[in-house]
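1. pasting the structure only:
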């Protein structure tokens, strides 16, 4: 898949994230975070590494991140969770089975 196609997918993720109502953000962040950790751990990515990067990027432990009241921070986290998974799926489909770690670092650094 080309860079422009990946950018199109990320734009759709961003559009969806921005369309979430304020009252949906906390729960969606919780769900997206859970799914992100499950997805990445199934690809051999260490949970401690992911947590460290998320803490550095947001100032919050991922287990607590979904509870914050900052709408923009929640939208940003949801985008990072979902975007990293989407790009990893695309790259794996294109024959790059080792892209998960790169995408965790890319989206959370």
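-> Yes, it's here. Since we're looking at a predicted model, the values are computed, not measured.
2. Check the gap between residue 105 and residue 87 for me.
-> Using Cβ to Cβ, to the nearest Å, residue 105 is found at 12 Å from residue 87. (Each C-beta comes from the backbone N, C-alpha and C, glycine too.)
3. er, residue 10 actually
-> Taking Cβ to Cβ, one finds residue 10 at 7 Å from residue 87.
4. Name the residue in those two with the higher neighbour count.
-> More crowded of residue 10 and residue 87, by other Cβ atoms under 10 Å: residue 87, with 21 against 17.
5. Nearest residue to that one in space, please, no chain neighbours.
-> Using Cβ to Cβ, 6 or more residues apart in numbering and skipping the chain neighbours, the partner closest in space to residue 87 is residue 103 (5.2 Å).
6. State the pLDDT value of that neighbour.
-> pLDDT, residue 103: 96.
7. Not counting its own residues, what contacts the helix or strand containing it?
-> Assigned by DSSP states H and E, residue 103 belongs to helix 99-108. With contact meaning Cβ atoms under 8 Å, 6 or more residues apart in numbering, helix 99-108 is reached by 40, 43-45, 49-50, 53-54, 56-57, 80, 83-85, 87-88, 91-92.
8. Take these and keep only those in helices.
-> Counting by DSSP state H, those place 40, 49-50, 53-54, 56-57, 80, 83-85, 87-88, 91-92 in helices.
9. Spatially, which two of those residues are the most separated?
-> Pairwise distances across the ones in helices among the contacts of helix 99-108 (Cβ to Cβ) peak at 25.7 Å, for the pair 56 and 92.
10. neighbour count winner among the two?
-> Between residue 56 and residue 92, counted using other Cβ under 10 Å, the more crowded position is residue 92 (14 against 10).
11. and that one, what is it in contact with?
-> Contacts of residue 92 by Cβ under 8 Å, 6+ apart are 99-100.
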